[in-house]
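Asker: what shape does this take:
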Amino acid sequence: MTVRRGRSLAVVIATAIVSVLVVLAVRAAGDPGRPAASARSASPSPTAASPSGPPPPPVLVPGRPGEPAVARSAQELRDDSPPRHNGLDTVYVQMMIPHHQQALEMSALAPERAADPRLRAYADRIRAGQGPEIKVLRGWLATRGLPETAPGHDHAGMRGMQSPEAMKRLAAARGVEFDRLFIAMMTDHHQGAVTMATDLLSVGVDQTLNELATSLATEQAIEIARLRELTPP
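Answerer: This next block holds a predicted model:
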């Protein structure tokens, strides 16, 4: 009986010890003052935002003659937008103005020199169409503050441009001779305009000019076909 009581007492004591140990373990896990908890709280949160670096220094932009330089931030100087036009757009417009002007000069000779009335009517259409186009081209340059002519540019080197000597021969011709010469010169002139417009479509970036060049190339190709129909036998 004594032995049985001793065993029961030992079981009770062991159970009590285990219970105390469990309670102590739970308290240690939930105590913020424990080293393990401190280590966890010291570690950075994965969702916390890392501090950003210092902003880039301002850029000193030189002013106009007589004006001081101005400091601009890098954000102000950044321009990620696509260019509205490039240098090739500008050159095309500057070349097409004198190119159209020569077509008007040639057409102005037809009323008093052409033998075929259809050719005179054709010349009238040239004047009616290319005159307004010159205004559009000049307006494109003016709104961008660009000069109408490029310094040092030789108009004689443009495709389809007729030489001064050829223009003199055309002015001196009359009747059927004028018709043949006019058709040959204007055909070459139109072909040059088509080539220039096609070249622009592969290198230019201005949408308005691309649309104008497309329309011009189509129009000039049609005019070339009409001129061939008017060629004297």
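Asker: what's the burial count for the closest residue to Thr90 other than its chain neighbours?
Answerer: Leaving aside its sequence neighbours, Thr90 sits nearest to Leu146 (CB to CB, 6 or more residues apart in numbering; 5.6 Å). All C-beta spots, glycine's among them, are computed from the backbone N, C-alpha and C. As a burial measure, Leu146 scores 14 neighbours (other CB atoms under 10 Å).
Asker: for Leu146, give me its contacts.
Answerer: Leu146 makes contact with Thr90, Val93, Gln94 under the criterion CB atoms under 8 Å, 6 or more residues apart in numbering.
Asker: top of those by neighbour count?
Answerer: Ranking the contacts of Leu146 using other CB under 10 Å puts Val93 first, with 25 neighbours.
Asker: which helices and strands does the helix or strand encompassing that residue pack with?
Answerer: Assigning secondary structure by DSSP states H and E places Val93 in helix 87-113. Helix 87-113 sits against helix 117-143, helix 164-172, helix 175-203, helix 207-229, with contacts defined as 3 or more CB pairs under 8 Å, 6 or more residues apart in numbering; DSSP states H and E.
Asker: quick one: closest of those helices to Gln102.
Answerer: Nearest to Gln102, of all the helices and strands packed on helix 87-113, is helix 175-203, at 6.9 Å by CB to CB.
Asker: now the closest one and helix 207-229, what's the angle there?
Answerer: Per axes from the mean of the first three to the mean of the last three CA atoms, to 10 degrees, the angle that helix 175-203 makes with helix 207-229 is 150 degrees.
Asker: any buried residues in helix 175-203, and which?
Answerer: Of the residues in helix 175-203, 178-179, 181-183, 185-187, 189-190, 192-194, 196-197, 200 count as buried by neighbour count, 16 or more other CB atoms under 10 Å.
Asker: same deal with stretch 129-147?
Answerer: For stretch 129-147, by 16+ other CB under 10 Å, it's Gly129, Gln130, Glu133, Ile134, Leu137, Trp140, Leu141.
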